[in-house]
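Novice: coords below, sequence missing:
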């Protein structure tokens with residue numbers, strides 16, 4: 001099978017096409033013929049070597065965690081999927097390939113395209129995890145930095161589903177899309193505290209930083225000087241402020257299935273910003289690292 005791998009840590013140029021053996025599923029695994037794979041910030045962080053202390057990676061390595069495709073083979077003890085089923089979820093062997101093994105995977109709702117399904121997995125899991133850490137509940141006001149990005153968009157929708165009021169920071173060009181979701185948008189940058197206080201005079205109950213653009217000091221001020229109920233998934237300076245950095249993904253099939261139901265109902269959708277051919281994986285990762293795409297980037301074998 002065709003795949004993308006890197007044999008050394010470095011920039012996007014270390015990603016190279018290669019031929020690999022098609023993997024065989026073990027107990028509890030299915031093999032997916034991949035139709036779409038998600039590109040995430042964690043991909044370029046692992047490729048660069050900067051996350052070796054967090055996610056030790058053996059070389060050579062095939063990047064990618066989330067994918068959608070067609071079940072091509074099933075291992076022992078798999079009862080919820082069969083050969084020919086359309087499915088999506090977390091891959092065990094790297095998603096930048098024509099085939100991958102997956103154990104945390106569920107049926108793809110027919111209402112979702114393969115690209116939309118591939119975009120959902122990590123964004124929804126990260127949003128769910130951080131909102132749970134923040135204990136966001138009905139009637140509360142939550143501030144989400146980077147509300148128009150992949151994780152931000154998922155977090156906005158899941159927070160609204162909990163009955164929370166959501167204020168989202170984003171560039172002015174993204175404000176109309178946020179309003180359409182039911183979010184109160186504010187521009188990030190200088191003067192953020194005053195802008196948030198204008199729309200939330202009673203303060204904010206929790207803050208999720210999905211942007212990592214130096215908003216933690218403002219977030220602490222908006223929380224009355226405390227770091228309580230603030231979490232970031234993107235700011236490497238979190239420890240300097242005593243703010244938790246959430247990075248431990250929860251791969252749970254029941255949770256993934258619940259997100260699939262919400263997506264099928266139209267209550268949880270992650271927009272797809274751009275689709276790249278698999279051979280352009282380096283360009284896609286560069287765009288992920290340096291761009292400001294309004295949604296997820298997808299690779300197609």
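Specialist: That came through, no problem. Everything numeric in this text was worked out from a predicted model, so none of it was measured. Residues are numbered from 1 along each chain as shown.
Novice: run through the stretch 1-150 of the chain and note the low-pLDDT ranges.
Specialist: Low-confidence segments of the stretch 1-150 of the chain, defined by pLDDT under 70, are absent.
Novice: strands of that one, start to end?
Specialist: With DSSP state E, counting those that start in this stretch as the criterion, the stretch 1-150 of the chain has strands at 2-5, 16-19, 30-39, 66-74, 86-90, 99-102, 104-107, 141-145.
Novice: in TSV, list those strands along with mean neighbour count.
Specialist: In short, each C-beta sits where N, CA and C put it, glycine included. Compiled in TSV, the strands of the stretch 1-150 of the chain are given as follows (neighbours: other Cβ atoms under 10 Å):
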stretch	mean neighbour count
strand 2-5	22
strand 16-19	12
strand 30-39	26
strand 66-74	23
strand 86-90	24
strand 99-102	25
strand 104-107	22
strand 141-145	27
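Novice: how about these, which one is nearest residue 281?
Specialist: strand 2-5 (4.4 Å; Cβ to Cβ).
Novice: sorry, back to before: looking at the strands of the stretch 1-150 of the chain, spot the one closest to residue 180.
Specialist: Taking the strands of the stretch 1-150 of the chain one by one with Cβ to Cβ, strand 141-145 is closest: 15.6 Å.
Novice: next secondary structure after the closest one?
Specialist: helix 150-161 (DSSP states H and E).
Novice: that following helix vs strand 30-39, what angle?
Specialist: Orientation of helix 150-161 against strand 30-39 (axes from the mean of the first three to the mean of the last three Cα atoms, to 10 degrees) gives an angle of 100 degrees.
Novice: from residue 38, how far out is the residue lying closest to residue 19 once chain neighbours are set aside?
Specialist: Spatial nearest neighbour of residue 19, excluding adjacent residues (Cβ to Cβ, 6 or more residues apart in numbering): residue 2 at 6.6 Å. Per Cβ to Cβ, to the nearest Å, residue 2 is found 18 Å from residue 38.
Novice: nearest residue to the middle of the protein?
Specialist: residue 123 (2.6 Å; Cα atoms, centre = their mean).
Novice: what residues does it make contact with?
Specialist: By Cβ atoms under 8 Å, 6 or more residues apart in numbering, the contact list for residue 123 reads 150-151, 153-154, 270, 296.
Novice: name the nearest of those relative to residue 236.
Specialist: For the contacts of residue 123, the minimum distance to residue 236 (Cβ to Cβ) is 16.1 Å, reached by residue 151.
Novice: what's the burial count for that closest one?
Specialist: Other residues within reach of residue 151, judged by other Cβ atoms under 10 Å, total 27.
Novice: that one and residue 233 touch, don't they?
Specialist: Yes: Residue 151 lies in contact with residue 233 (Cβ atoms under 8 Å); the separation is 6.5 Å.
Novice: which residues do these two both contact?
Specialist: With Cβ under 8 Å, 6+ apart, residue 151 and residue 233 have common neighbours 126, 210.
Novice: in three-state terms, label residue 224 for me.
Specialist: Of the three states, residue 224 takes coil under DSSP: H, G, I helix; E, B strand; the rest coil.
Novice: tell me if I'm right that residue 101 and residue 92 touch.
Specialist: Yes: Residue 101 is within contact range of residue 92, at 4.7 Å (criterion: Cβ under 8 Å).
Novice: list the residues that contact both of the two?
Specialist: Shared contacts of residue 101 and residue 92, counting by Cβ under 8 Å, 6+ apart, come down to residue 29.
Novice: all helices for this protein, in order.
Specialist: Remark: helices assigned in the chain by DSSP state H are 41-48, 114-134, 150-161, 175-181, 192-199, 216-222, 238-241, 253-264, 281-290.
Novice: make CSV from these and add distance to residue 31 to it.
Specialist: Shown next, in CSV, are these (distance: least, Cβ to Cβ, whole Å):
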stretch, distance to residue 31
helix 41-48, 21
helix 114-134, 16
helix 150-161, 26
helix 175-181, 36
helix 192-199, 47
helix 216-222, 42
helix 238-241, 38
helix 253-264, 17
helix 281-290, 21
